[in-house]
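Participant: Next come a sequence and a model predicted from it.
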Amino acid sequence: MAAPPLMKWVEIDLSAIAGNAAWVKAQLPTGAGFVAAVKADGYGHGAVEVSKAVLRAGAERLGVRDLTEAAALRKAGIKAPIQMLAPVLPAQSAEALRLGVIPVVESLGQAQALHRAAQGGKIRLQIDLDFGLARWGLPPKELPALMQALSRLRGLTVDGIAVHLGYMPGKNAVEAEEKLGAFERLTAPYKRLDPGLRLRAANSTVFMDFPHRRFDLACVGNLLYGINRSKLRPAALKSPWRFSARVISMREVRKGASIGYASEYLAPRAMRVATLPVGYADGLTMEPAERLIGLGASRSYWGMRGGLKLPFIGRCGISHVLVDATGCPSLKAGDAVVLPVRRTAARVPRVYR
């Protein structure tokens, strides 16, 4: 017996992700590499599947936010270097070593805990600096003292020095350039002493808007998934994400009828309305189509069917949304509609190609 059709699903094009990774690699200076950020389940695309695709395309390391994510990759048989993008707690040191990750530290205490857990074995780590984002990281002025203290821990190697800026395209470019320059000047003496030291400062937006600051090891996420937030430079990327849901109900709505939660939407004309079995639990917006009751149809959000837009109407529910299908007279129950949705949608099945 054939399986029933999926009512909602995300189609992931792994060849698009691999192509995006290859494009990133081609932009890097000679000798530089990149960390493929696969945190948050590969930005919702599936960390294991994405990891395999980007490694084949030339990624040097995989970037995760915590040891649970690292353990999932190791369980799947992935042996590539895994770069931690956030510090681990001292109590997690033994697990970090067991998984063979490259930890990032912001204090001597964290490094000492890792050193003790290594029991005389070799360990490499990175130092994360805080240049104003204030999420974690060592104050830059404390780097010399930490580097000196770490040099006394036998078997410990500083693999690299990293920073993540709070840069937003079109917002604070001058500030970002100043901080990137300060980062380069601060780390220059250590780079001269150890040419193999990996400097890491370029996330996807820095990678695009400050190509002269890509350093030794970029760390990209959005670019891999076809998202370029740069307002300055285009990128030859493909989108690997396509979220679809099937129509479960169709109805005719008379002009002037109030529909949706709180009766927030008044039909401006006779309409065909389709119901889709997805809502804000699946990543759709909760924003109502109209902030006040009115007669104008909002087109802030919409689905697509055969190149036609189907605007959202009314307030999006936890597991359903209404769309205006008046302009698509052939639409019927069971037909698939492509929807804009945040790239998490954890409950929704993935289909890979």
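Facilitator: That came through, no problem.
Participant: now the helices: where do they sit in the stretch 251-353 of the chain?
Facilitator: Taking DSSP state H, counting those that start in this stretch, the stretch 251-353 of the chain contains no helices at all.
Participant: Same question for the chain.
Facilitator: Listed in chain order, the helices of the chain (DSSP state H) span 14-27, 39-43, 47-56, 67-75, 93-99, 108-118, 143-150, 173-193, 204-209.
Participant: Export these as a markdown table, with columns for distance to residue 132 and mean neighbour count.
Facilitator: The way it works is simple: take the backbone N, C-alpha and C, and place the C-beta from them, glycine included. Output for those, formatted as a markdown table (distance: least, CB to CB, whole Å; neighbours: other CB atoms under 10 Å):
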| stretch | distance to residue 132 | mean neighbour count |
| --- | --- | --- |
| helix 14-27 | 26 | 19 |
| helix 39-43 | 21 | 19 |
| helix 47-56 | 29 | 22 |
| helix 67-75 | 26 | 17 |
| helix 93-99 | 27 | 17 |
| helix 108-118 | 21 | 18 |
| helix 143-150 | 15 | 14 |
| helix 173-193 | 7 | 15 |
| helix 204-209 | 14 | 23 |
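Participant: So which of those is nearest residue 330?
Facilitator: Smallest distance to residue 330 across the helices of the chain (CB to CB): 29.1 Å, for helix 14-27.
Participant: Can you list the neighbours in contact with the closest one?
Facilitator: Contacts to helix 14-27, defined as CB atoms under 8 Å, 6 or more residues apart in numbering, come from residues 33-34, 36, 45, 49-50, 53-54, 56-59, 207, 211, 214, 218, 220, 223-226, 235-240, 352-353.
Participant: Buried among the residues you listed? Make that a ChimeraX selection.
Facilitator: Buried residues within the contacts of helix 14-27, by 16 or more other CB atoms under 10 Å, are selected in ChimeraX with:
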select :33,34,36,45,49,50,53,54,57,58,59,207,214,218,220,223,224,225,226,235,237,240
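Participant: Now, the contacts of helix 14-27 that are in strands?
Facilitator: 33, 34, 36, 218, 220, 352 (DSSP state E).
Participant: Specify which member of those is nearest to residue 3.
Facilitator: residue 352 (16.4 Å).
Participant: Could you give the bridge partners of the closest one?
Facilitator: residue 12 (DSSP bridges).
Participant: Show me where the stretch 251-353 of the chain has its strands.
Facilitator: For the stretch 251-353 of the chain, the strands defined by DSSP state E, counting those that start in this stretch cover 258-259, 265-266, 271-276, 302-305, 308-313, 321-324, 336-339, 350-352.
Participant: So which of the ones you listed is the most surrounded?
Facilitator: strand 321-324 (a mean of 27; mean count of other CB atoms under 10 Å).
Participant: what sits up against that one?
Facilitator: 259-260, 271-276, 278-279, 284, 297, 302-303, 310-314, 337.
Participant: swap in stretch 185-202?
Facilitator: By CB under 8 Å, 6+ apart, stretch 185-202 touches 35, 126, 129, 140, 143, 147, 158-165, 180, 183-184, 210, 213-220.
Participant: For stretch 91-111, measure first residue to last.
Facilitator: 12 Å (CA to CA, to the nearest Å).
Participant: Need the residues that contact that stretch.
Facilitator: Contacts for stretch 91-111 (CB under 8 Å, 6+ apart): 61, 64, 67, 70-71, 74, 81-88, 90, 113-114, 116-118, 121, 123-128, 130, 136-138, 146, 149-150, 153, 156, 159, 162.
Participant: How far does that stretch sit from its chain's centre?
Facilitator: With CA atoms, centre = their mean, to the nearest Å as the basis, stretch 91-111 stands 23 Å off its chain's centre.
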